[in-house]
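> Got a predicted structure plus its sequence, pasted below:
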Amino acid sequence: MRELAKEITLTGKVTVDQNLSDAISARVQGRIEKLAVKNIGDNISKGQLLFEIYSEDLNAAQQEYIIALQHDSLLNGFTEAAKNKLMLYGMSETQINQLKTSKQVLQFVPVYSTVDGFVNEISVTEGSYVSTGTTLFRFASLNSLWVEAQVYLPYLPYLKEGTEANFS
């Protein structure tokens, strides 16, 4: 007994594994002042600058936090609530600590990547106004790729799940 094998040639399309894809959305409404990532296909590392945003809501939240810090004894618990609001708007712990130290509102707040991957979609340009929840970037990992191919019915018996293929 032996295994039967047949070499077949298929036309297919290489796609990313959607389970390893991520999207970065606007966490606050505002205007994109500076776009640091401008090219599809760029490799992005976690912590890399993506863009800077000007947001009146974010500026007001920063001002609330500074005021809460100055009057912490009078505004019981308000400081922590103001800090949580800044975090929900996308500011990092480091940025909030800098705000605490400097007591200066950042007019243009830098936003950094929370994921590693390759840019496969950019939905924004410099000067664009964005709403909360607007998808700005889509990232994909190239660690796992899929090949979607059409297999004709007579060839199905020659395929099995998990089969390795040679691509040329």
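Looks like it arrived, so ask away. All figures in this text were calculated on a predicted structure; none of them were measured in a lab.
> bridging residues for the most centrally placed residue in the chain?
By CA atoms, centre = their mean, the chain has its centre lying nearest to Ile24, at 3.0 Å. Note on Ile24: beta-bridge partners by DSSP bridges are Phe137.
> what about the closest residue to Tyr155 other than its chain neighbours, neighbour count?
Among residues not flanking Tyr155 along the chain, Ile8 sits closest, at 5.2 Å (CB to CB, 6 or more residues apart in numbering). Quick note: C-beta positions are derived from backbone N, CA and C, even for glycine. Neighbour count of Ile8, defined by other CB atoms under 10 Å: 12.
> name the element Ile8 belongs to?
Per DSSP states H and E: Ile8 is located in neither a helix nor a strand.
> I'd guessed the residue nearest to the centre of the chain sits against Thr134; true?
No. With contact defined as CB atoms under 8 Å, Ile24 does not reach Thr134; the gap is 10.1 Å.
> quick one: low-confidence parts of the chain?
Under the criterion pLDDT under 70, the flagged ranges of the chain are 2-6, 75, 160-168.
> All the helices of it, in order from the start?
Per DSSP state H, the chain carries helices over the ranges 56-70, 78-88, 93-102.
> Any chance of these in a markdown table with distance to Leu49 and mean neighbour count as columns?
Formatted as a markdown table, the helices of the chain follow (distance: least, CB to CB, whole Å; neighbours: other CB atoms under 10 Å):
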| stretch | distance to Leu49 | mean neighbour count |
| --- | --- | --- |
| helix 56-70 | 16 | 17 |
| helix 78-88 | 18 | 16 |
| helix 93-102 | 12 | 13 |
